[in-house]
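S.K.: Below are the sequence and a predicted model; questions follow.
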Amino acid sequence: MSILSVKGVNKRFGGLKALDDVNLEVAEGTVHAIIGPNGAGKSTLLNCLVGRLEPDTGSVMFDGKHSLLGRKPHEINQLGVVRVFQTPEIFTELSLLENVMMPALAKRDGAFNLKAWGRLSDQKDVVDQAEAMLMDVELEENRHIIASSLSRGDKRRLELAMCLVQDPKLLLLDEPTAGMSRADTNNTIDLLKRIGVERNITKIVIEHDMHVVFSLADRITVLAQGHPIVEGKPDEIKGDPKVQEAYLGGAHL
Amino acid sequence: METTKQKDFVLLAIFSLVVLTAPFTLLPFGAAYPDLLQRFAIYGIFAIGFNILFGLTGYLSFGHAAFLGVGSYAAVWSFKLFSMNVILALIGGVLMGGVMALLIGYVSLRRSGIYFSILTLAFAQMSYNLAYSVLTPITNGETGLRVLRADPRYIDSIFGDASMALPNLFGIGMTGLSGFYFCAVVLIGVFYFSICIMRSPFGMKLRGIKTNQVRMNYTGFNTRPYMLTAFVISGMYAGLAGSLLAVTDPLAGAERMQWTASGEVVLMTILGGVGTLIGPFVGAVIIKYFENIFSAINEQTLHSVFSFLPEGLQNAVVSITGLFVGDGWQLTLGLIFVLVVVYLPGGVMEGVARIGRIFRSNGPSSDGQTAKPQPAE
């Protein structure tokens, strides 16, 4: 069953057609990669899924019954669609533990629940959950450190922990390894793979790095000039001449 | 985390001790007279409340004097209509401060950054002008609202003492030291309340909004109601401070709402340390001390201080230092403010923390451990 179904989505910016009749079905439990050259509309598509942009026409249905259009980011998150940003968006002035407690609180208490009484440390279930999550991404030793002091790779790790602690139904990853060293990239791939196996979370990955795409994805959609030109398994995509034409100007993958 | 609980308790105990012994400990500084002590406590409350908004969420309101003024008017009306008992006046001040903050905050929080600041400033100036002119029947315009012997005081008249025209706490007068101790107890109470907020999940969410509002939204939080709650709470603190001003001196004037008063609380908070627990209170004390003590120093006092110098030199020194005292006290304050902002961006409390660190690393009990970062401190 498809968890996300995008039908006939169009988006124009003035004279530029950023998305041109995009149809996309993402099956539950799979990793679906969206690739394409610069300016193909990958980020625009992602922004249409999380409430940052509103498509001109078309529909985006989540889980068969919720339209994601016209909803605010926090409402989309509360439905179970969680986003990882291109540059890690974390709470730099808070400790790692607090960084992970925040989404755990949002998951437990909903979009607004004041809780002005009682100390943070009294929220035992949330503290335990956050500590276990930090253990999972191997950051538990630093849990009382302020997040701004982390390296780029560790910040990405932390952001992943913040997204995963909410146990999302759909995880959107916007170039999760952009600007990372080869070692950090491989670590992140390993982490994403491990989490994929352990938790069975559906993921949409937008990525430039072919190495990342082919080691993670179950299915790949190729966008070119705002339109999906091919969709298929990684092996099929690798050999497809249309993809090589659009993506690499004829060079071989 | 249990240790921060103990630390907070120790902090509260020390804070209470310092506040309650102020009438004795401030004697050498010439600041131990009740009038000034009351002002320390009241503006301390104002700044602590302001810090809940500015310190935790980073939203800089330039209109908090509106809530201070509304609190004063509400308290004086409570004196006029119901009773000279101060408890009612405080409740009235807090409620009106809160209601006013709800209205202004609801609109202003639709914008952030400089636009938010400008909106709050505009609302405060509108309130000031309304109080000064249009709303004269309620505010008594430029004369100011005062308590009159002929006021009805319906609750007091039931108990047969409506003629008592001084604010009191069940018969205890609010002038002099008893007035200060009343303010001090309220101050300690609301200081404890601010610690609770900072340490609660709500406090963490407010800090989250300050650090990364985008992430807060994508984490599933509807941030605006949290912001509005913080805004209303800080408005209630300001209303409380305003009503205490009326308690110690039962008079309310529109000038209390002017933008200079809004700016003053911003200065207090920044000077003391934005986002720290006691910084805003320290900033309030420093500014009120300068306002009252430095402005009272005149040439005679300077001549007697420098009397050990030869005549000519004495005159020169007096004429230079004279620029910084008396009417020039704001010059001194401005210089201190510049120095603090440039060298101690975290305010006076950052200075205290730095000194503490030096002692810890040089002290005999040093074990090479660096200070652990503390949330909200």
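M.R.: Thanks, I have the structure now.

S.K.: can you give me the helices for the stretch 151-300 of chain B?
M.R.: Ranges of helices in the stretch 151-300 of chain B, per DSSP state H, counting those that start in this stretch, are B:154-158, B:176-199, B:201-211, B:213-218, B:223-248, B:259-272, B:279-292, B:299-305.

S.K.: out of those, which comes closest to B:Pro345?
M.R.: Nearest to B:Pro345 among these is helix B:259-272; the distance by Cβ to Cβ comes to 9.0 Å. Bear in mind the C-beta positions are built from the backbone N, C-alpha and C, glycine included.

S.K.: Just the buried residues of the closest one, please?
M.R.: B:Trp259, B:Ala261, B:Ser262, B:Glu264, B:Val265, B:Val266, B:Leu267, B:Met268, B:Thr269, B:Ile270, B:Leu271, B:Gly272 (16 or more other Cβ atoms under 10 Å in any protein chain shown).

S.K.: Quick check: the closest residue to the fifth one other than its chain neighbours vs B:Met257, distance?
M.R.: To tie it back to what came earlier, the one meant is B:Val265. Distances taken as Cβ to Cβ, 6 or more residues apart in numbering or on different chains put B:Phe50 closest to B:Val265, at 4.8 Å, once the chain neighbours are dropped. As judged by Cβ to Cβ, to the nearest Å, B:Phe50 and B:Met257 stand 15 Å apart.

S.K.: go on, A:Ala183?
M.R.: From A:Ala183 to B:Met257 the distance is 60 Å (Cβ to Cβ).

S.K.: same deal with B:Phe79?
M.R.: Distance from B:Phe79 to B:Met257, counting by Cβ to Cβ: 19 Å.

S.K.: contacting residues around residue 86?
M.R.: Picking chain A for this. A:Ser43, A:Asp174, A:Glu175, A:Ala178 (Cβ atoms under 8 Å, 6 or more residues apart in numbering or on different chains).

S.K.: oops, I was thinking of chain B
M.R.: Contacts of B:Val86 (Cβ under 8 Å, 6+ apart): B:Pro167, B:Asn168, B:Leu169, B:Met174, B:Phe182, B:Val247.

S.K.: wait, doesn't the fifth one sit right on B:Met174?
M.R.: So that's B:Phe182. Yes - counting by Cβ atoms under 8 Å, B:Phe182 touches B:Met174, with 6.1 Å between them.

S.K.: one step back: what about the contacts of A:Gln86, which are in strands?
M.R.: Using DSSP state E, the members of the contacts of A:Gln86 that fall within strands are A:Asp174.

S.K.: Out of the contacts of A:Gln86, which one has the lowest pLDDT?
M.R.: Lowest pLDDT among those: A:Ala178, with 80.

S.K.: That one - nearest residue in space that isn't next to it in sequence?
M.R.: A:Gln86 (5.5 Å).

S.K.: Could you list the low-pLDDT ranges of the chain?
M.R.: You didn't say which chain, so I picked chain A. A:247-253 (pLDDT under 70).

S.K.: should've been chain B
M.R.: Ranges of chain B meeting pLDDT under 70: B:1-2, B:161-164, B:363-377.

S.K.: Around chain A, which positions in it sit nearby?
M.R.: For chain B, the residues in contact with chain A (Cβ under 8 Å from any Cβ of the partner chain) are B:1-2, B:4-5, B:196-197, B:199-205, B:207-208, B:210-212, B:214-223, B:225-226, B:229, B:372-373, B:375.

S.K.: now could you export just the CA positions of stretch B:234-249 as PDB?
M.R.: Extracted C-alpha coordinates of stretch B:234-249, given in PDB (Å, rounded to 0.1, in the frame of the first residue of the first chain):
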ATOM      1  CA  SER B 234       5.500  38.700  31.500                       C
ATOM      2  CA  GLY B 235       2.700  41.200  31.100                       C
ATOM      3  CA  MET B 236       1.300  39.900  34.400                       C
ATOM      4  CA  TYR B 237       4.600  40.400  36.100                       C
ATOM      5  CA  ALA B 238       4.600  44.000  34.800                       C
ATOM      6  CA  GLY B 239       1.100  44.500  36.000                       C
ATOM      7  CA  LEU B 240       2.100  43.200  39.400                       C
ATOM      8  CA  ALA B 241       5.100  45.600  39.500                       C
ATOM      9  CA  GLY B 242       2.800  48.500  38.400                       C
ATOM     10  CA  SER B 243       0.300  47.700  41.200                       C
ATOM     11  CA  LEU B 244       3.100  47.600  43.700                       C
ATOM     12  CA  LEU B 245       4.200  51.000  42.600                       C
ATOM     13  CA  ALA B 246       0.600  52.200  43.400                       C
ATOM     14  CA  VAL B 247       0.700  50.300  46.700                       C
ATOM     15  CA  THR B 248       3.700  52.100  47.900                       C
ATOM     16  CA  ASP B 249       2.500  55.400  46.500                       C
END
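
S.K.: Next, report how far it is displaced from the centre of its chain.
M.R.: The chain centroid and the centroid of stretch B:234-249 are separated by 9 Å under Cα atoms, centre = their mean, to the nearest Å.

S.K.: go on, stretch A:18-36?
M.R.: For stretch A:18-36, the distance to the chain centre is 12 Å (Cα atoms, centre = their mean).

S.K.: quick one: buried residues of that stretch?
M.R.: The neighbour-count criterion (16+ other Cβ under 10 Å) identifies A:18-20, A:22, A:24, A:26, A:30-36 as the buried residues of stretch A:18-36.

S.K.: repeat for stretch B:136-152
M.R.: B:Thr139, B:Asn140, B:Gly141, B:Gly144, B:Leu145, B:Arg146, B:Val147, B:Asp151.

S.K.: Which of these fall in helices?
M.R.: Counted as lying in helices by DSSP state H, out of the buried residues of stretch B:136-152, are B:Thr139.

S.K.: Quick check: phi and psi at residue 15.
M.R.: Reading this off chain A. With angles defined as degrees, to the nearest 10, A:Gly15 sits at phi -90, psi -10.

S.K.: now stretch A:157-169, how far from the centre of its chain.
M.R.: The answer for stretch A:157-169 is 10 Å, by Cα atoms, centre = their mean.

S.K.: Would you mark the buried spots in it?
M.R.: In stretch A:157-169, counting by 16+ other Cβ under 10 Å, buried: A:Arg157, A:Leu158, A:Glu159, A:Leu160, A:Ala161, A:Met162, A:Cys163, A:Leu164, A:Val165, A:Gln166, A:Pro168, A:Lys169.

S.K.: hmm, that stretch touching chain B?
M.R.: Yes - legend: contact between stretch A:157-169 and chain B by Cβ under 8 Å from any Cβ is shown at A:Met162, A:Gln166.
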